[in-house]
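Enquirer: next input, structure requested:
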Amino acid sequence: MADNMENIYLWIVLSPLIGSIIAGLFGSKVGRAGAHWVTIIGVAISCVLSIYVFKYINIDGGETFNASIYTWMVVDGLRLEVGFLVDELTSMMMVVVTFVSLMVHVYTVGYMKEDPGYQRFFSYISLFTFSMLMLIMANNFMQLFFGWEAVGLVSYLLIGFWYTRDTAIYANMKAFLVNRVGDFGFLLGIAGVLMYFGSLDYATVFAGVGDVKDLTMEIIPGQQWSVMTVICISLFIGAMGKSAQVPLHVWLPDSMEGPTPISALIHAATMVTAGIFMVTRMSPLFEFSETALSFILVIGGITALFMGFLGLVQNDIKRVVAYSTLSQLGYMTVALGASAYAAGVFHLMTHAFFKALLFLGAGSVIIAMHHEQDMRKMGGLRKYMKFTWITSLIGSLALIGTPFFSGFYSKDSIIEAVGLSTIAGSGFAYFAVLAGVFITALYSFRMYFLVFHGEERMDEHTREHLHETDKVVWVPLVLLAIPSVIIGAIFVGDMAFGDFFGEAIFVLPEHDVLGALSKDFHDWFGMVLHGVTTLPFWLAFSGVATAWFLYMKRPDIPEWFEQKLSFVHKVLVNKYFADKFNEIVFARGSLSIGKFLWRFGDEKIIDGLIVNGSARTVGYMSSVIRHVQTGYLYHYAFAMIIGLVVLIGLFVL
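Expert: Residues are numbered from 1 along each chain as shown. Purely as a prediction, here's the structure:
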């Protein structure tokens with residue numbers, strides 16, 4: 001059975017890779033239809049097999065898998081291997097990644113049908129799926145880092161897919177550079193693991209935690225730092241880059257320059273969730289550093305609240321959803337800091353479905369509006385686009401945590417868990433996630449009302465041609481809407497409050513807030529009945545009502561606020577001036593340092609002293625020595641005699 005499962009795991013990983021290679025290298029031969037069929041079939045095979053693995057491990061109680069598949073190299077006893085760890089956590093992630101990716105692949109057939117880079121795009125998104133599967137199925141840090149960098153590389157290619165646009169090139173370079181900052185910390189964390197644990201294998205590292213958890217190191221002379229804290233914070237800095245946490249969040253909104261399908265794939269189930277998954281996988285390390293957990297709590301709280309504020313002033317439909325992603329990633333991060341890892345990855349799962357739904361719904365609107373993305377030029381689309389309207393409503397209700405929708409079960413679990421946490425920073429984080437509920441409802445339904453309700457603000461030509469998008473576009477919306485409604489109720493008892501993840505997640509007894517909450521949990525319906533009496537429900541309801549009043553009944557009030565609070569509005573529109581700060585301090589600062597080093601290091605020292613100085617010295621010495629060459633034989637004979645006398649004298653002395 002183990003050999004059969006190993007073959008299944010190989011097919012899950014390799015099927016998208018094979019499709020990517022065929023579409024990428026032989027796209028001109030297989031044509032547009034061949035490119036989308038080969039990649040869709042590859043991801044579909046991976047999805048079906050992932051569902052089988054999920055049933056085998058999580059439902060039937062089958063054995064988990066942890067083994068090396070291929071040894072790449074052995075360096076001084078250190079084995080660098082390709083291996084798979086497939087347990088309850090991995091199998092859930094495999095289903096989420098492959099199902100959302102499959103929906104995106106199908107949707108892309110309609111969205112990109114007129115694009116000249118059709119085959120190239122399918123090759124990229126299939127390669128993206130392969131990279132994410134390698135990341136989540138890894139059983140060692142070397143393979144984890146390979147998948148980590150691979151998703152970063154493909155996201156760079158996809159964000160800049162329309163490379164003739166300057167904005168796309170700027171956006172993909174920004175994503176690449178910001179993630180390099182996070183990856184530097186991530187590499188330091190992996191180096192710390194290797195230094196103190198002597199291995200990159202997960203099982204070996206986790207088993208050795210008891211020997212390392214009390215060790216200290218000196219980074220600053222005379223200052224003792226906990227080894228576990230240094231390693232965990234370094235690893236989390238990597239997660240801050242991939243999962244776009246403040247201050248390494250600035251790349252994600254600009255990634256909207258890529259085509260909408262990749263916005264859904266990056267923001268829903270793949271790249272941005274890599275950091276959340278990684279910290280959850282490393283729970284046996286993070287549990288032994290409350291300092292790291294506090295740091296995670298504060299960063300997550302800031303991201304959840306302050307990125308939500310930015311969604312209030314965006315007029316680009318995709319950017320509103322992008323800032324929503326930033327805020328929801330903050331919720332997941334807060335859960336990790338509170339040691340509610342299960343609630344964090346539960347929200348990761350539910351969020352993947354309804355956020356992919358919202359992005360693809362936004363893409364459907366963009367197609368119908370002839371690629372217009374400004375919500376101020378929309379309105380009243382409900383009567384033209386029934387499927388997009390109802391599925392976008394479902395996605396919005398799930399996002400704000402409406403009872404009976406998937407987001408309610410996962411978001412409320414996080415809020416309740418953070419409220420029980422005693423880790424430093426949990427008080428601020430609890431306030432942030434509570435306030436974030438109102439903000440989320442306000443910007444989500446601001447977008448919904450401006451797009452689908454109210455007066456029609458598009459031009460006459462666009463209005464005359466408005467209609468529902470093709471079946472290949474709206475069918476994935478319907479298929480994503482189904483889990484956006486039901487998946488939370490099905491799994492909340494087991495995932496958030498049960499033992500669904502088994503030994504894949506480790507939590508110390510003193511941090512087990514979900515265990516304390518589980519004593520009051522009975523079933524999903526009871527959670528709904530309790531939920532409608534709690535503050536988050538009424539905050540969400542207030543947010544929806546406020547959005548309806550401000551943007552449907554009294555649109556003059558937001559305009560009045562914009563004028564009266566122009567400074568606040570300016571701060572939000574300029575995204576807290578984070579881009580300006582990075583440009584002035586880091587970009588221009590680095591450029592200034594580079595110019596200084598060039599002028600004084602390169603010109604003065606390297607060129608001036610070493611290169612040109614050496615040349616001038618040789619030239620001067622040559623000009624002196626060449627006078628010795630007179631051409632007279634008796635001069636040379638005299639010099640030889642003098643030299644011989646000197647040598648004899650030295651020898652005698």
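Enquirer: do a quick rundown of the helices in the stretch 351-500 of the chain.
Expert: For the stretch 351-500 of the chain, helices defined by DSSP state H, counting those that start in this stretch occupy the ranges 386-399, 406-420, 426-452, 460-464, 471-491.
Enquirer: tell me what the helix or strand just after the last one is packed against?
Expert: Right, helix 471-491. Next in sequence after helix 471-491, counting helices and strands by DSSP states H and E, comes helix 513-518. Judged by 3 or more C-beta pairs under 8 Å, 6 or more residues apart in numbering; DSSP states H and E, helix 513-518 is in contact with helix 406-420. (Glycine included, C-beta is placed from N, CA and C.)
Enquirer: between the helix it packs on and helix 426-452, how many degrees?
Expert: Interaxial angle, helix 406-420 versus helix 426-452 (axes from the mean of the first three to the mean of the last three C-alpha atoms, to 10 degrees): 160 degrees.
Enquirer: can you name every helix or strand that the helix or strand containing Leu158 contacts?
Expert: Assigned by DSSP H and E, Leu158 falls within helix 141-159. Packing partners of helix 141-159 (3+ C-beta pairs under 8 Å, 6+ apart): strand 78-86, helix 118-136, helix 166-197, helix 227-242, helix 260-264, helix 274-281.
Enquirer: can you redo the helices of the stretch 351-500 of the chain as CSV with distance to Val227 and mean neighbour count?
Expert: Below are the helices of the stretch 351-500 of the chain laid out as CSV (distance: least, C-beta to C-beta, whole Å; neighbours: other C-beta atoms under 10 Å):
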stretch, distance to Val227, mean neighbour count
helix 386-399, 40, 24
helix 406-420, 27, 26
helix 426-452, 24, 23
helix 460-464, 61, 11
helix 471-491, 36, 20
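Enquirer: now Val507: closest residue in space that isn't a chain neighbour?
Expert: The shortest distance from Val507 to any non-neighbouring residue, by C-beta to C-beta, 6 or more residues apart in numbering, is to Ser339 (5.3 Å).
Enquirer: just checking, the one you found touches Asp512?
Expert: Yes. Contact criterion C-beta atoms under 8 Å: Ser339 and Asp512 qualify, at 7.0 Å.
Enquirer: which one of those two has more residues nearby?
Expert: Set Ser339 next to Asp512 and count neighbours by other C-beta atoms under 10 Å: Ser339 wins out with 29 against 15.
Enquirer: tell me the secondary structure at that one.
Expert: coil (DSSP: H, G, I helix; E, B strand; the rest coil).
Enquirer: quick one: contacts for it?
Expert: Contacts of Ser339 were listed using C-beta atoms under 8 Å, 6 or more residues apart in numbering, and they are Ser283, Glu287, Leu293, Ser421, Ile423, Val507, Leu508, His511, Asp512, Val513.
Enquirer: now do the contacts for Gly543.
Expert: Ile400, Val437, Phe438, Ile439, Thr440, Ala441, Leu442, Ser444, Phe445.
Enquirer: what's the answer for Gly42, then?
Expert: Per C-beta under 8 Å, 6+ apart, neighbours of Gly42: Ser15, Pro16, Leu17, Ile18, Gly19, Ser20, Ser126.
Enquirer: kindly calculate the angle that the helix or strand harbouring Met92 makes with helix 118-136.
Expert: If you go by DSSP H and E, Met92 is part of helix 88-111. Angle of helix 88-111 versus helix 118-136, following the same axes, to 10 degrees, is 170 degrees.
Enquirer: I'd like the mean pLDDT over helix 88-111, please.
Expert: Mean pLDDT, helix 88-111: 91.
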